[in-house]
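> Task: produce atomic coordinates for the following.
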Amino acid sequence: MFIPLVFVFSCEAAAQSVLSVVRPSYFVGGSEAANIGNATIPALDGSYQCGEFQYGRKNAPGGFGGMTFPLQGKFTIDAKIQYSDLSTVFDIPANSTPNMPLARAPDGSYVAITRRRSYNANLTLAGISGLVSYSFIPQFRVSAGPFVGFFVQHSYQESEYIVSPSNAIYAENNLPVRTIDAGKVPNSLQYGLEFNASYELPFQPNVGLRPSIGIMVPFARVSGSNLWLLPISASLELVYHLPESPERELPTSNNASVATASSPKPPARSPKYARLSVSIDARGVADDGEEVAEPMLSIERTHVTEVYPMLHYVFFGDGSSIIPARYHLETRQTRTSFNEKNLYTGNALEIHHHVLDIIGKRMSQSPEASITLLGARSEHSPGDSSLAQSIAMDRARSVQNYLAEVWGISRERIRLRARDLPEAASDDHNPFGEAENRRVEIIPSSPDITAPLWTEHVERVATPPRIDFVPAITTAVPVGIRSATITVLQHGHLLRTIDALSDSAVSEYRWTIDDRSMPEAATGPSDSLLYFFTAVDSLGDTARARGVIHLWQKAHDQTKYASDTEFDKQVERYSLILFDYSSSQLDKTESERIVSDMASNIQARTHVMLTGHTDQTGDDSFNDELSRERAVRAAQMLKVELTQLRKTEPSIAVEWRGSRDVLFDNSIPEGRVLSRTVRAVVENPTK
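Residues are numbered from 1 along each chain as shown. Got it, this is the predicted structure:
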């Protein structure tokens, strides 16, 4: 990754005859490099590892230009700028795992497959280098020197493709290849040494062609990806040597007298004294607001499972049977790319707006399943009351039409029913209840059609979660400050930049450590972050101060594994255990499934937190009591399930928030229904 432009730049003269005088020269050329990659990147099927990318290769072009300057004797020095394609491709067979997908054969059946994984690192780098060269003979020389640069393109894509059977395709996209993961490789400073050998072929006065071969030896891996490259390249460059300036003698005469005039000396400059100085300090701030001087930062990695029970209602406007625009609807052309596993957003309301596509996808994968669409109406909202039960049937038919026309579900598998108020109706005497009663309920023949949605991801949490900086500026004379910037770096990678002169930073210089600015975990006992405070005054003077934030290396980090699959703890978040309007009674079928899944994963040292919530339609005291009853009811149900499984009861904490913490947008009916919930967090320490 690292400036693989192994191109040599000469400093001696090239012409039809070899000149004895080494002159400055310009050069420009191109190269073709074989990028040989070494990595320790795990290939994952969910949380299972199906292989590891270790060796890769790809040929890629590059370009460069620069200038050569003579030194003493046979030595010259080259200064060049270069642009290199450092891309590398890794390809490995994928081992079988419990999460291994099945492929769909042309006859519609699902078959086991032989597959391979490909990891394509797309890396282009711009940089500079300085090479010292020694000429054994006038045309032949060897060169060596350092290079440094940054990536201008740094992305990756991991793909999987089917080897056999040859006619099989993935069910999720009807193609023999699928994308597993893609994203950006963190940018970082790349540096190392370059070695070259070249021979110049003169063909015009002052002009030559110079082929060369070389190798790059990087000292830095690609940040955050355990990837290292050894580029070996061949290049060809055009060299132009500056012509020699002829020496001219001044004419002299015996009769002529030579007069000299001395130029006036410029006035002596007064010595420049430092007028600007800066300092900076850092303090850690804990969740409770307590400040810690000289903070030591630790990064905790957590494997998180999110569980989203399905809210199988579709809500409609007053007197309308048109599916509202806030629901996401696919087309026949785009449905093949829909994948519910890609819906992780941390917001159950956004997931609910894909409910029809989730139902359509699952029914297309379960041809024996059927559903009943039960349309309902409000008896008091003006539009619904004027249309009687016909509007309820029209709503059910709208959902049926979408599933049949877009997802290709046979209408025989979709039964339609209608009624006035829903069986579990909200209060139909206020606008909120009226909106919640205008709906279609989706009742499946198989619980798999409305099964909870599970997603997995890795979260990193910093302790302390915030760093406050305390900068100071001192000037010897009254001057203005043109710029003042705080930067935080790890291994040359920029984590955070704060404009200390912006309005938002006048009183607080905070770094809240989120996913975008999260440091990597410590890789050694001396690993640390550097922070800098740089100020420039109106006279152009610059001052800089720096500090260090040490990273705490945990015991299990000291043997940091190539697979990077170790976690500090595992957390399961059951985002929604839903309740009916103004009720603390759990839905029997859905809640039992969720609580059963929760109980099965509880261990002796597990900590469970149950938090009750309500919507905003009641008064605060009523909502507080209702949310408490919901949390207590969920805890009782969990304890019964643990008793049946003969498991030791873990630490179970119960809290209730009433309507004080608004979970979702309460201006729409689904937002209010999703807010009537108990959220459960199951935390299992792994160390």
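
> Touching stretch 428-439 from outside, list them.
Applying CB atoms under 8 Å, 6 or more residues apart in numbering, the contact partners of stretch 428-439 are 313-318, 375-381, 384, 395, 421-422, 425-427, 581, 617, 668-669, 672-673. The way it works is simple: take the backbone N, C-alpha and C, and place the C-beta from them, glycine included.

> ranges for the helices of the stretch 201-350 of the chain?
Using DSSP state H, counting those that start in this stretch, the helices of the stretch 201-350 of the chain run over 348-352.

> Report the helix or strand with the lowest average pLDDT across the protein.
strand 569-578 (a mean of 65; mean pLDDT, DSSP states H and E).

> list the helices and strands whichever helix or strand comes after that one packs on?
Of the helices and strands lying after strand 569-578 in sequence (DSSP states H and E), the nearest is helix 588-600. Here helix 588-600 touches strand 569-578, helix 620-644, going by 3 or more CB pairs under 8 Å, 6 or more residues apart in numbering; DSSP states H and E.

> got the angle between helix 588-600 and helix 620-644?
60 degrees (axes from the mean of the first three to the mean of the last three CA atoms, to 10 degrees).

> how does the chain divide up, domain by domain?
25-241, 276-302+459-559, 311-450, 569-685 (automatic domain parsing).

> so can I have JSON lines of these showing mean neighbour count?
Converted to JSON lines, the domains of the chain look like this (neighbours: other CB atoms under 10 Å):
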{"stretch": "domain 25-241", "mean neighbour count": "18"}
{"stretch": "domain 276-302+459-559", "mean neighbour count": "15"}
{"stretch": "domain 311-450", "mean neighbour count": "18"}
{"stretch": "domain 569-685", "mean neighbour count": "18"}
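
> For N347, which non-adjacent residue is spatially closest?
For N347, ignoring the flanking residues on the chain, the nearest one in space by CB to CB, 6 or more residues apart in numbering is F664 at 7.7 Å.

> State the distance from that neighbour to S164.
To S164, F664 is 47 Å away according to CB to CB, to the nearest Å.

> same question, N173
19 Å.

> And for R657?
Taken as CB to CB, the span from R657 to S164 is 54 Å.

> go on, L642?
From L642 to S164 the distance is 46 Å (CB to CB).

> Pull up the gap between V89 and S31, please.
19 Å.

> Break down the stretch 401-550 of the chain into its helices, ranges please.
431-437.

> shaky segments in it?
457, 503-508, 524-525 (pLDDT under 70).

> residue ranges for the strands of the stretch 451-600 of the chain, please.
Secondary structure of the stretch 451-600 of the chain by DSSP state E, counting those that start in this stretch: the strands cover 453-463, 466-475, 481-490, 493-499, 510-512, 528-537, 542-551, 569-578.

> Turn those into JSON lines, columns for distance to L227.
Below are the strands of the stretch 451-600 of the chain laid out as JSON lines (distance: least, CB to CB, whole Å):
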{"stretch": "strand 453-463", "distance to L227": "19"}
{"stretch": "strand 466-475", "distance to L227": "29"}
{"stretch": "strand 481-490", "distance to L227": "17"}
{"stretch": "strand 493-499", "distance to L227": "14"}
{"stretch": "strand 510-512", "distance to L227": "28"}
{"stretch": "strand 528-537", "distance to L227": "22"}
{"stretch": "strand 542-551", "distance to L227": "22"}
{"stretch": "strand 569-578", "distance to L227": "28"}
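
> Which one of those strands lies nearest to M637?
strand 569-578 (8.9 Å; CB to CB).

> mind checking how far the lengthiest strand in the chain is from the chain centre?
In the chain, with assignment by DSSP state E, the single longest strand is strand 140-164. Distance, stretch centre to chain centre, for strand 140-164: 20 Å (CA atoms, centre = their mean, to the nearest Å).

> helices or strands up against that strand?
strand 75-85, strand 114-135, strand 177-184, strand 190-199.

> how far off strand 190-199 does it point, in degrees?
Calculated by the same axes, to 10 degrees, strand 140-164 forms an angle of 120 degrees with strand 190-199.

> Just the angle for strand 140-164 relative to strand 75-85, thanks.
20 degrees.

> Give me the mean pLDDT for strand 140-164.
Strand 140-164 shows an average pLDDT of 89 in the prediction.

> now the helix or strand following it, how far from the centre of its chain.
On the C-terminal side of strand 140-164, the closest following helix or strand by DSSP H and E is strand 169-170. Offset of strand 169-170 from its chain centre (CA atoms, centre = their mean): 27 Å.

> how much space between E172 and G66?
For E172, the distance to G66 - CB to CB - is 50 Å.

> ok, now E629?
Counting by CB to CB - E629 and G66 are separated by 76 Å.

> Kindly report the same for S129.
Using CB to CB, S129 is found at 8 Å from G66.

> now P519
36 Å.

> Check S398 too.
Distance from S398 to G66, by CB to CB: 68 Å.

> beta partners of V536?
Taking DSSP bridges as the rule, V536 bridges to S483, T542.

> list the contacts for it?
Residues in contact with V536, defined by CB under 8 Å, 6+ apart, are I481, R482, S483, A484, T542.
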